[in-house]
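Engineer: When you get a sec, could you give me coordinates for this:
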Amino acid sequence: MSSYEDDALEKDQYEKSINDLNKVLEIEPDNVEALRTLGIIYTKLNQYDKALSCLNKVLETIPDDTIALAFRVHTCVELKQIELAFNDLNNLLENDPTNVLFLINRGHVYIDMNRYDKSFIDFKMAIELEPENALALCGFGEINHKLRNYKEALKYFNKSLEIDPNDKITLKLRGQTYRILNLHEESVADFKNAAILETSNNNSTIENIDYSLNYYEMYLVQFNKSLEENPNDQETLVYRADTFRILNIYEEALLDLNKALEINPNDLFGLSIRGETYRQMGKYNESLVDLNKILNINPSDASALRLRGEIYYAQNKLFDSLDDFKKSLSIHPNNAFALRSCIKIYQIFSQYEESLKVLNKALEDEPGHMIALRLRGYTYYLMKNGKESLKDYNKFLEFNSNDEFVYYLRGLTYFMLERFEESLEDFNNALKTMQDDLPTLFSRGNSFLMLDRYDESLKDLNKILEIDPNHVSALIVRGKCYICLQKYIEALTDLSNALVIDPNNLIALKARSEIWKILKLYENSLIDLNKMLEIDPKNIFALSVRGEIYRLMQRYQESLNDLNKCLENEPNNTLSLKNRGEIYLKMKMYKESLVDINRLLEINPNDLLALTIRMTIHKEMGNYEGSLVDIEKFLKIDPNNISILSVRGGIYFIMGNNQKSLEDFNKILEINPNNTILLKQRGEILRLIGNYKESLEDFNKVLEIEPNDLLALLTRGSINMIMCEYNKSLEDFKKVLEIESKNLLALTLRGTIYQMLGNYKDSLLDFNKLLEIDPNNVSILKNRGEIYRLMGMFDESLDDFNKLLEIEPTNVSALKSRGEIYRLSGKFNESLEDLNKASEIDSINSIESIDAYTQGIRGATLYMLGRYEYALDDFNKALKSNPTNVFCLAYRGALYLKCNRFNESQKDLEKAIELNPNEPYLHWQRGSLYRLTGKYKEAFDEFITLDDFKPKCELDKLEQAEAYSNRAALNKIFEKYDEAAADLRKANDLVSKIEVNDTINLKYLNIN
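Structural biologist: Got it, this is the predicted structure:
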């Protein structure tokens, strides 16, 4: 007898039993035995509604009836009344907690409820109770498959099939698992065996669309055979169309579907398959027509809503798409595809709170909903809530410790939280099964970079770029890695390649702009930053860094414009505060600078750069105590910072605390004894406090290390100059000028030394060179003018002082010097004018009206003009300040002689001769005094130098002429008329050559 005949016989027997049992129930409606048996028969006949009615009546009478409960579970599952089935199973397991069949059934119910964690526990317990139970092993394999533990799933499917090799459900599940693991031959074999078993059972319904190609081909053979017998079998046409669709034979599918829908235009399944076929063909409008028709007939068709939502998404109608997915979820709250799609759209809109509402509800309904748990973890990640994200991922991995994708996602969260070691561990776990997965390789490479493990980072990034040479993110991160290794050319190559592929990539532009900045190629950096701001005008990084670049280029106004914009949007941006503070400091806007730097230090009190800037501001403002407070804070963090110790040493020196200043520099030089900059600083302090010997030791050491250090050579030369070691000074200045021939300071100091040594010729060479470089240098004009005066080159001297006084009309020193030159040149009125002007300026600038030197010179000028009373007043004041002033003694003695005050004259002249016995003028005046007092013989002796004297200036000629006149008078007394006449001729000859007023001559040459 065939199996079909067996089934028919069995069905006939059931019908007979049903008739008999109904007769019993007509007599006894509450007969429990009859109701229970009738419920069981209806269950076997797949008449589940009738079965449920009978079983409910049994359980109303006997709530704990195990058989009735067990069959009601089966009935409820078939009728999709999952909650009732779940309650019945719980009741059964309360009475019999170790019943393996009940545990297996509840495990399957949990799967239907997406409560995978609970399902896992039930199947595991069932296997512990009955390790050889094929159903339990299959169920445990299925839950592991759901949890993506594919290798574990495969292990249990294998065990189940060892016990029951012909279980088609287990074969299908194992086939699906093989396919996911890319074991295609094994997958095809399982699907083929399952299909053979189904064909042998005459099952022509497609129960699972996830079959191998061979499986579909077998079905096509079967459908073709059926349609040869009945070409208008609407249901078979739809199934064959669906098979064509799966095989991507869309035109054939549409032929079948169109025919089927002509037969039954409102067939929802046919409309659904045609809608999906159109979608796969990209014919979205045609697909929407079918789906809209389905939803007009049945607005609660969750599948149609999901499919329409997918089409709207493809058409970028995101709001419509979201609306459909939300409706679908309201019907089937735990549908994974609808849930994922809904969340994806919320994430596109950055509506993370809405996303959380949906996911929280899903997890409230089904606490073990693994997909919802994973999606919520990722939503928290997008919200930068790493703590909550980790909670969800950790919970997920408690149930599924082999899910490589969740390891990857958790790794991203750890990376966001800068927990790079843990991030690396997760990426390693993910890569155990996804060895060439580019996102995971990229993330691991990035983690290696953050941990300064550059070689390992490069290894991952190189692998990515071997697979995909145009992977922009990998090029960018490898570029960053090269930056860390200071391989800037390689970094520029990678970042430039990334920008060829993606010209508007802000991350690449940012990184490349930083390289240009490091290389001080500021114009190039500006090009990248400008591009960033074209793309994103409010980009904080670009505004801040461009502001810094402008600062480095000293384009301060442009810098301030950028920094102000940046700080309007982000008031606590530390880089912008620092740069703006520095610009204000450069512009001497100290109060504004302090505001920025104070805010910076509120954000980070230990910011050393900010402390450095603020100490500089205080120093520039003269607030040395404030500067020292910041220095102390700095040195608590970095006690041996040479630069800051040096600054403090300098501040102590300015404050006059030389001891503390030297202590700082001594400490620095203990740390770094050969630091030439610090040696120079200490040497300079020692020089300024007059400790020349130790100062020289520091500069000698500097020049041992750096023999051509110009500053050290100049300073050592100046110290030796102070110590009168002129030859050593000249050697240093000579070396400076060999290195830098136009060094102004070296030329000035060497010229001054030559002047001091009386080497006027060489001195003039240096001063001339200086004035070629800087024609209006007042100091050098004065020095050269003095040299010309000393050399008797009065015209040249006057030229220099005239030019100097054009530049600085109130230069007192120049007025005095020019007044002296005028006096020596016999231009006494001009001399007096300059000396009086100098005196007026002195009286304004100082307490004393005129200094002794000027009084002496002016007195001599007034004397030459015959203004003896005023001259005497100046001489007296000058000699009060300095009683041994030979110049004033000489001229006061001469003045007294003119006024016939012989005793006072003799006293002054004798004292002057005692101080300077070789001055001819003193002897000539004493000779005149002796003549007038009758000491003729002594008088002649005083004129012994007269004939050999060589006058150097007009004044010398005038004074020599006076002496000749006086000696002529003396010769007349001795009746030496020829000699007297000769002396007078010499006097007249000298006077005729003098450019002085005749009146002055007569007064001055008046012989008493």
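Engineer: What count of nearby residues applies to the spatially closest residue to residue 386 that is not a sequence neighbour?
Structural biologist: Distance criterion CB to CB, 6 or more residues apart in numbering; nearest residue to residue 386, sequence neighbours excluded, is residue 417 at 4.2 Å. The way it works is simple: take the backbone N, C-alpha and C, and place the C-beta from them, glycine included. Neighbourhood size, residue 417 [other CB atoms under 10 Å]: 16.
Engineer: Distance-wise, check residue 417 relative to residue 477.
Structural biologist: Separation of residue 417 from residue 477 (CB to CB, to the nearest Å): 19 Å.
Engineer: Can you tell me the element residue 809 falls in?
Structural biologist: Using DSSP states H and E, residue 809 sits within no helix or strand.
Engineer: Check what pLDDT it gets.
Structural biologist: On the pLDDT scale, residue 809 is placed at 95.
Engineer: now do the one 10 residues further on
Structural biologist: At residue 819 the predicted local confidence, pLDDT, stands at 93.
Engineer: State the helix or strand in which it lies.
Structural biologist: helix 812-824.
Engineer: same for whatever helix or strand comes next after that helix, what does it pack against?
Structural biologist: Next along the chain after helix 812-824, taking DSSP H and E as the criterion, comes helix 828-845. Judged by 3 or more CB pairs under 8 Å, 6 or more residues apart in numbering; DSSP states H and E, the packing partners of helix 828-845 are helix 812-824, helix 852-864.
Engineer: buried ones in the first one?
Structural biologist: Put plainly, it is helix 812-824. 812, 814, 815, 816, 817, 818, 819, 820, 821, 822, 823, 824 (16 or more other CB atoms under 10 Å).
Engineer: Repeat that for stretch 782-801.
Structural biologist: Residues 782-789, 793-794, 797-798, 800-801 are the ones in stretch 782-801 that count as buried (16+ other CB under 10 Å).
Engineer: can you redo those residues as JSON lines with secondary structure?
Structural biologist: Formatted as JSON lines, the buried residues of stretch 782-801 follow (DSSP: H, G, I helix; E, B strand; the rest coil):
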{"residue": "782", "secondary structure": "helix"}
{"residue": "783", "secondary structure": "helix"}
{"residue": "784", "secondary structure": "helix"}
{"residue": "785", "secondary structure": "helix"}
{"residue": "786", "secondary structure": "helix"}
{"residue": "787", "secondary structure": "helix"}
{"residue": "788", "secondary structure": "helix"}
{"residue": "789", "secondary structure": "helix"}
{"residue": "793", "secondary structure": "coil"}
{"residue": "794", "secondary structure": "helix"}
{"residue": "797", "secondary structure": "helix"}
{"residue": "798", "secondary structure": "helix"}
{"residue": "800", "secondary structure": "helix"}
{"residue": "801", "secondary structure": "helix"}
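Engineer: Let's have these in TSV, adding pLDDT.
Structural biologist: Formatted as TSV, those follow (pLDDT from 0 to 100):
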residue	pLDDT
782	94
783	93
784	95
785	94
786	92
787	94
788	93
789	91
793	92
794	91
797	93
798	95
800	94
801	95
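Engineer: what's the most distant pair in these?
Structural biologist: Greatest spatial distance among the buried residues of stretch 782-801 (CB to CB): 783 and 794, at 16.0 Å.
Engineer: what ranges do the helices span in the stretch 1-150 of the chain?
Structural biologist: Along the stretch 1-150 of the chain, counting by DSSP state H, counting those that start in this stretch, helices occupy 3-27, 32-44, 48-61, 66-78, 82-95, 100-112, 116-129, 134-146, 150-163.
Engineer: rewinding a little: which one of the buried residues of helix 812-824 is nearest to residue 233?
Structural biologist: residue 814 (125.5 Å).
Engineer: Just give the nearest non-adjacent residue to residue 103, would you?
Structural biologist: In space, and not counting its chain neighbours, residue 103 is closest to residue 126: 4.2 Å by CB to CB, 6+ apart.
Engineer: In contact with that neighbour, which residues?
Structural biologist: If you count contacts by CB atoms under 8 Å, 6 or more residues apart in numbering, residue 126 has them with 100, 103, 104, 107, 133, 136, 139, 140.
Engineer: What distance do you get for the third one to residue 94?
Structural biologist: Taken as CB to CB, the spacing of residue 104 relative to residue 94 amounts to 17 Å.
Engineer: Looking only at neighbour counts, state which of the two leads.
Structural biologist: Shown here are residue 104 and residue 94; by other CB under 10 Å, residue 104 has more neighbours (24 against 9).
Engineer: That one against residue 123, yeah?
Structural biologist: Yes: contact criterion CB atoms under 8 Å: residue 104 and residue 123 qualify, at 7.1 Å.
Engineer: neighbours around residue 655, how many?
Structural biologist: Residue 655 has 14 neighbours, counted by other CB under 10 Å.
Engineer: what does residue 414 give?
Structural biologist: When neighbours are defined as other CB under 10 Å, residue 414 has 23 of them.
Engineer: And residue 330, by the same measure?
Structural biologist: A total of 12 residues lie near residue 330 under the criterion other CB under 10 Å.
Engineer: For it, list the residues it contacts.
Structural biologist: Not one residue lies near residue 330 by CB under 8 Å, 6+ apart.
Engineer: residues of the host helix or strand of it that come out buried?
Structural biologist: Taking DSSP H and E as the criterion, residue 330 maps to helix 318-331. Residues 318, 321, 322, 323, 324, 325, 326, 327, 328, 329 are the ones in helix 318-331 that count as buried (16+ other CB under 10 Å).
Engineer: just stretch 579-588 next, same as before
Structural biologist: For stretch 579-588, burial by neighbour count (16+ other CB under 10 Å) applies to 579, 580, 581, 582, 583, 584, 585.
Engineer: So the fourth one is in contact with residue 554, correct?
Structural biologist: The one in question is residue 582. No: counting by CB under 8 Å, residue 582 stays clear of residue 554, with 11.4 Å between them.
Engineer: could you measure residue 831 against residue 696, distance?
Structural biologist: Note on residue 831: its distance to residue 696, by CB to CB, is 44 Å.
Engineer: which of those two has more neighbours?
Structural biologist: Taking neighbours as other CB under 10 Å, residue 831 and residue 696 compare with residue 831 leading, 26 against 20.
Engineer: For that one, which residues are in contact?
Structural biologist: If you count contacts by CB under 8 Å, 6+ apart, residue 831 has them with 819, 820, 821, 822, 823, 857, 861.
Engineer: Residue 67 too?
Structural biologist: Residue 67 touches 36, 40, counting by CB under 8 Å, 6+ apart.
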